[in-house]
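Trainee: need a structure here:
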Amino acid sequence: MKEFTQNGITLVFYQKPEDEKFSFLIKNNEEMTELLLSNVSQKRIKEKDIFFAKKGIFEKIENNLLTNEKTEMNNPIIELAERCQRMYRESMVTRVVGKEGADHNPTITVEIELPNGKIYTASGINQKTAKQAAAEKALLEL
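Mentor: Modelled structure (predicted):
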């Protein structure tokens with residue numbers, strides 16, 4: 001069993017006998033554990049991945065990204081669009097601002113402009129991944 005504490009929250013990774021993978025929970029908080037497990041794709045991880053899993057889980061907790069709606073966690077574009085509508089009563093604007101590299105291996109750069117004028121830029125191997133990365137940047141600041 002491995003325990004990590006950050007900001008008063010203890011994350012526990014435990015291993016069942018004869019199992020090579022670890023499961024995890026938030027100590028003394030069943031409700032938050034359920035939310036966490038409903039918002040992660042991998043519920044059991046290898047020991048070598050515990051460091052990265054711990055970091056990602058604490059980031060989700062700190063940024064209040066644990067919700068009951070799994071779609072919001074899986075699609076930052078939808079989450080950002082919904083927040084823009086709630087906060088500004090307007091839609092965000094997205095645009096492709098660049099494409100570099102060969103056709104079989106391009107790098108696409110996308111901008112997302114929020115109704116408040118802030119612009120977030122990110123690149124990816126296709127338009128979708130670039131847009132998701134830009135939306136994640138915006139969500140971290142909202």
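Trainee: so the protein: which segments form each domain?
Mentor: 2-62, 77-141 (automatic domain parsing).
Trainee: dump these into CSV; add mean pLDDT and mean neighbour count as well.
Mentor: Heads up, the C-betas are built off the backbone N, CA and C, glycines and all. Listed next are the domains of the chain as CSV, based on pLDDT from 0 to 100; neighbours: other C-beta atoms under 10 Å:
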stretch, mean pLDDT, mean neighbour count
domain 2-62, 89, 14
domain 77-141, 93, 15
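Trainee: apart from its chain neighbours, what residue comes closest to residue 123?
Mentor: residue 109 (4.6 Å; C-beta to C-beta, 6 or more residues apart in numbering).
Trainee: next: residue 131.
Mentor: Nearest to residue 131 is residue 110, by C-beta to C-beta, 6+ apart, at 4.9 Å.
Trainee: quickly list what that neighbour is bridged to.
Mentor: Counting by DSSP bridges, residue 110 forms beta bridges with residue 96, residue 122.
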